[in-house]
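A.B. asks: Just the structure for this:
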Amino acid sequence: MHLTSMTPASKTTGVDGAEPITISFSAPVAPNSPSPTLSPSVPGSWSALGNSMVFTPSAPFTPSTRVTVSIPDGPTGVRSAGGALLSTPLTEHFTTGNYSQAGLAELLAQQGYLPMSWSPSANGAVRAANAESATDPATLTAAGEAYDPPAGQYTWDTGYPSMLKTMWSPDSANVILRGAVMAFESEHNMTVDASLTPQFWRALFRAQLRGERNTNGYTYAVASKHVPETLTIYHNGHIAMRTLANTGIPVSPTVDGTFPVYQKFRFQIMRGTNPDGSSYADPVSYVSYFNGGDAVHYFPRGSYGFQQSLGCVELPWNSAARAYPYLTYGSLVTVTG
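C.D. replies: Numbering: from 1, shown residues only. Got it, this is the predicted structure:
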C-alpha cells in the first residue's frame, strides 16, 4: 500500500485554509484505520472514503500557515481494507494563503458596513451550499470566502453622491473599506485602528455565522468649502441633515480628502497653537475627529458658512448635536472645495 496523491499537493502555497484535505492511496482504506495527524491542528474529522482519507475542517487554518501532514506507517499506521500496511511513514506539507481584500469586501457588504449590497452569482451560491455539510458551515463558508471569494455582484445603495463611488475598489485597499473595518471594530468593542488582525477575522467570521448586521447604519458626510460652507450628512441613502459650517482659514486650512472618523468625545478641552504662536484651550462639544487634529464639532461663532477655524469643521450647537450620533466610528468625511 502506498500514497498516490494529496490535495492540496505537497509544497503547495496559497492554499484555501477552509478546504478539506484528501489523501489517496493505492488501495481502499480500512474504515477503522488510524488517521494522519496535522500540525498545527484545527477542529475537524477524518473519514475513510474508498481509496482516500479525507479531513473535513470545522474551523479554518489561519493564513500564511505551514501545515504539516504526518501519515503513520506499520502496525499502528494507515492500513488498507485488506490488511496491507503503509511501508514507510510520510510527511507532507502545504502553506495556506492570505485572506483577500475582495473577500473582506464581500463579508462587510453582507453585514451592512458598506453603502452597497453583495449577492453571489449562481456558481458562488452553489459553492456556499456545498459548505453546509461541515460541522460549522457558516464559519467555514466565511473563511473560504475570505481566502477565495466567490463570484458575485455589488449593488450600490441609492441616495449617495457619485463621488463616493469613485473611491471604491473591491479588490484593493481603499478608504471605504478602511472605514467599514473601523465601523466593525467599534461595534465589536475592538481597538478602532483598521488593523486586519487574526482577532478581527475571527470576529468577522463569528458575526457572519450569527447573522449579525451593522446596527448604526451607513453614514457619509461632505464638508464643502464653497461659500456658504456647509456640512451634508447622508445616512442609509438619504440626506439626514445639511447645515452651515466653518472650515479652516488659509494659514491653517481644512485638508481636502476623505477620512474615516477615528475618535469621538461628547465634550473636550481642545488644545493647540494659534497662528501667532499663542496657545489655546477651548471647550468644545460633540467632537468627531476624522483627520489628525481636524474634527467636526460645535464651536460658538457669531455666524457660520465661511473660513474661521484652524482646520476643524465647526458647527452651530443644534447642528453639532444632530450630527454627532450620525458620525459613528468609521463614518467617512469628505472635505472638498
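
A.B. asks: tell me what the longest strand out of those in the chain is packed against?
C.D. replies: When the chain is parsed with DSSP state E, its longest strand is strand 279-291. The contact analysis (3 or more CB pairs under 8 Å, 6 or more residues apart in numbering; DSSP states H and E) places strand 279-291 against strand 257-260, strand 263-273, strand 294-298, helix 317-326, strand 332-336. Placement of C-beta: from N, CA and C, glycine included.

A.B. asks: Note down every partner strand of that strand and its orientation.
C.D. replies: If you go by DSSP bridges, strand 279-291 pairs up with strand 263-273 (antiparallel), strand 294-298 (antiparallel).

A.B. asks: Tell me which of the ones you listed lies nearest to Pro253.
C.D. replies: strand 294-298 (9.7 Å; CB to CB).

A.B. asks: Run the chain-centre distance for the closest one.
C.D. replies: Centroid separation between strand 294-298 and its chain, computed with CA atoms, centre = their mean, to the nearest Å, is 27 Å.

A.B. asks: ok and it relative to strand 332-336, angle-wise?
C.D. replies: 100 degrees (axes from the mean of the first three to the mean of the last three CA atoms, to 10 degrees).

A.B. asks: Rounded mean pLDDT for strand 294-298, please.
C.D. replies: Averaging pLDDT along strand 294-298 gives 98.

A.B. asks: tell me which residues in stretch 179-189 are buried?
C.D. replies: Gly179, Ala180, Val181, Met182, Ala183, Phe184, Glu185, Ser186, Glu187 (16 or more other CB atoms under 10 Å).

A.B. asks: Kindly report the same for stretch 219-239.
C.D. replies: Judged by neighbour count using 16+ other CB under 10 Å, the buried positions of stretch 219-239 are 219-225, 229-235.

A.B. asks: Next: stretch 191-206.
C.D. replies: Val192, Ala194, Leu196, Phe200, Trp201, Ala203, Leu204, Phe205.

A.B. asks: Of the residues you listed, which belong to strands?
C.D. replies: Per DSSP E, these never map to strands.

A.B. asks: Please convert the strands paired with strand 279-291 to TSV, extending it with mean neighbour count and distance to Ala146.
C.D. replies: Output for these, formatted as TSV (neighbours: other CB atoms under 10 Å; distance: least, CB to CB, whole Å):
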stretch	mean neighbour count	distance to Ala146
strand 263-273	13	28
strand 294-298	25	33
